[in-house]
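Student: quick one, what's the 3D model for this:
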Amino acid sequence: MVASPERVTLEKEPVKREQATEKYFPPFSKAGGAVKGAVVGAAATAGSSAVDAVKDPGFILFIVGLLTFIFNEYLNNTAIAVLIGTVFMFFSAFFIFKGKGMAVTVIFWVWYVFFGGVTDIEGIKYVIIPIVLVGMVVHGLTKSISKQGTFGEGAMGELLYGAIPIMVFFLDLGLLNWLAQEFNVTLSTSSQNILLFTPWWALLGLFTTQRENTFITIARMVGVVYIFSIVLLGVVPEAYGTYKSAIPTPEEFLAAKQEISEQLPARENPLISQIACIGDADYESCIQQRQEESELRSLCKKNEEVQKGVLTFDDCLTEEKKKKEEAKYLVGGVIDPTIKLPTKFKLEIDREFFPFKTYLEFSSPEYPITLKYENTRAPVKVDLSCAFVKGSEELPGKITSGENITLPVGSGTEGITCVPEGTLKGKYELRVTAFFKDLETATHLTRFFVGEKDSQEVVEIQKAIEKTESRDLAYFSTSQFPADLARFNFGFGSPPKNPLIVGGKPVQLGMSILNSGEGKLWEIKSYGVILEGFNAPCLSKSNIKIPSDEQSNKQIIIPGCQIMDYPGELKNPEEYLKRTFEARMVYDYQLENKFAVEIVGKTG
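Tutor: Predicted coordinates for the structure are as follows:
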């Protein structure tokens, strides 16, 4: 077909303008026009995709579900939670699943919300089941008559599409939190992330969107990345417990959700950590560090002493870091509070009355410190001292309340007063030191002697032991001790952590000392592993001086030896014999605490 003259004229005019433009701006005109066109096109496409996405019920649920998840901490109310869950559940059943499963959803809602989820057999048999069956038959017939599927597909679809929003309803209320509490689940990192950071309704909406465009595809990709980011930072949890058949109420779900949230430190969202660490040379370490730091900040925000102003936030962070570091060294033994209550000491101040800033015009500097002690098992002698430090200069102080004291058995506090021995002016670091003499600690270790048995018999004996003891055999692999400042850890077997002693051959004895406090392990006065009838050259030693550069070390290895022989009755018992052994240690320990103080001179 030949174009009309008018059409030809209209087409020629833009060509002339373009040629004129190219004459004066040859390089820029085409590039600029192309870029401008690309930007406008991209913007138009994105805008069109976004508008198109908003028309999708699934995407609407994604947006609104995401918003309620973000503001979830402000909506911690049973009535609001049930209302939001109800709206989302019926929205999903009606708009997303096109009415499929509506009968099941309505029955569930009436049963659970109005009747409290009662498990009355008569009601289930004569009310709930018939209504569900009617709903299945109606959907089956509808599917079959409309020739959109078989009767069976329609009937089963009623159950399936009704179950999905109901399950998400429970998950959003806190089903996993309740299960973790009910079944005594030990939560791994990934499990904690799922409990804390999963927007259930938003994910349901995102993965049930019907429309396909760039905007929705990107959102889905982000959703998948988000799920992987929170799951892949841990392992599957191990659960144990006894099943209870009670149907929890919404209040119980939310209570479990709140309790789990309070117990778990509110770490940084894993996705944020992963994004923030992009470009870091050690990507995995960066993520781990950010997660740990956010966990410590969360713990200190909840710390009662910080909230009351007794402890500063920075001091709390320091203490929590020390506790975390200490935990790394507990692999060789287990704290067991059932042996004896731990002996603890702490030098602290009352921030409400402590004179951080002293004006000489009103009074001379005098600093009250409290020595707090818990569960001393015998009277403890303590040498006290203090000093004022500025840079490399250290000026002595005097404990006017008594430099040598004896703490009684039990728990309590002891007031200490430190004053400078000379005239001071300016900012100093007040260092208060407590030197504890002859502290005692005890450790217990359990071993099972099975004698000369073949491998199959040993397996059967292990099962019998675990059944009798109601715990895994691995529990007995390490020694048990109270959470004292220093702990003596030992084990013997082949290897030393094996709680089963098979046959009568020599076994290895391994020993170490754990510095679990915040101070210095000064000296081991004595230690002894009490193994009556056992022949070994390294069961005891005394007067072990700890080098000054090792006094703060968290673990000190003591050379072990072979146990060459042990009592005859333990070498070949009929089945097995259980024996518990003890070790004792006496040691000296030094604690120190530091406080920033300022002394202001007289005016005039």
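Student: confidence score at the closest residue to residue 206 other than its chain neighbours?
Tutor: Spatial nearest neighbour of residue 206, excluding adjacent residues (CB to CB, 6 or more residues apart in numbering): residue 62 at 4.4 Å. To be clear about C-beta, it is placed using only N, CA and C from the backbone, and glycine gets the same treatment. For residue 62, the model assigns a pLDDT of 78.
Student: mind checking the SS state of residue 62?
Tutor: Under DSSP: H, G, I helix; E, B strand; the rest coil, the three-state class of residue 62 is helix.
Student: that one: how many residues sit nearby?
Tutor: 26 (other CB atoms under 10 Å).
Student: who touches it in this structure?
Tutor: The contact partners of residue 62, by CB atoms under 8 Å, 6 or more residues apart in numbering, come to 202-203, 205-206, 209, 219.
Student: among the residues you listed, who's most crowded?
Tutor: Of those, with other CB under 10 Å as the count, residue 205 tops at 28 neighbours.
Student: state the pLDDT value of that one.
Tutor: We have a pLDDT of 77 for residue 205.
Student: check contacts around it.
Tutor: Residue 205 neighbours (CB under 8 Å, 6+ apart): 57-65, 92, 96.
Student: what do you get for residue 321?
Tutor: Counting by CB under 8 Å, 6+ apart, residue 321 makes contact with residue 296.
Student: would you turn the contacts of residue 205 into CSV with distance to residue 472?
Tutor: Compiled in CSV, the contacts of residue 205 are given as follows (distance: CB to CB, whole Å):
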residue, distance to residue 472
57, 50
58, 46
59, 49
60, 50
61, 45
62, 44
63, 48
64, 47
65, 41
92, 43
96, 46
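Student: what is the nearest of those residues to residue 382?
Tutor: Comparing the contacts of residue 205 against residue 382 with CB to CB picks out residue 65 as the nearest, at 60.0 Å.
Student: next SSE after the helix or strand hosting the closest one?
Tutor: Residue 65 is part of helix 57-70 when elements are defined by DSSP states H and E. Going down the chain from helix 57-70, the next helix or strand is helix 78-91, by DSSP H and E.
Student: that next one vs helix 57-70, what angle?
Tutor: Per axes from the mean of the first three to the mean of the last three CA atoms, to 10 degrees, the angle that helix 78-91 makes with helix 57-70 is 170 degrees.
Student: which strands and helices sit next to the next helix or strand along the chain from helix 78-91?
Tutor: Downstream of helix 78-91, the next assigned helix or strand under DSSP H and E is helix 102-109. Applying 3 or more CB pairs under 8 Å, 6 or more residues apart in numbering; DSSP states H and E, we find helix 102-109 packed against helix 78-91, helix 129-145, helix 151-173.
Student: cutoff 6 Å now
Tutor: The contact analysis (3 or more CB pairs under 6 Å, 6 or more residues apart in numbering; DSSP states H and E) places helix 102-109 against helix 129-145, helix 151-173.
Student: lowest mean pLDDT across the ones you listed, which one is that?
Tutor: Mean pLDDT is lowest for helix 129-145 among the helices and strands packed on helix 102-109, at a mean of 64.
Student: burial check on residue 434, number of neighbours?
Tutor: The tally of other residues near residue 434 (other CB under 10 Å) stands at 26.
Student: next, residue 504: secondary structure please.
Tutor: From three-state DSSP, the assignment for residue 504 is coil.
Student: returning to that earlier point: among the contacts of residue 205, which ones are buried?
Tutor: For these, a burial check counting by 16 or more other CB atoms under 10 Å picks out 57-62, 64-65, 92, 96.
Student: can you give me the helices for the stretch 451-600 of the chain?
Tutor: Using DSSP state H, counting those that start in this stretch, the helices of the stretch 451-600 of the chain run over residues 455-469.
Student: low-confidence stretches in it?
Tutor: Counting by pLDDT under 70, the stretch 451-600 of the chain contains no low-confidence range.
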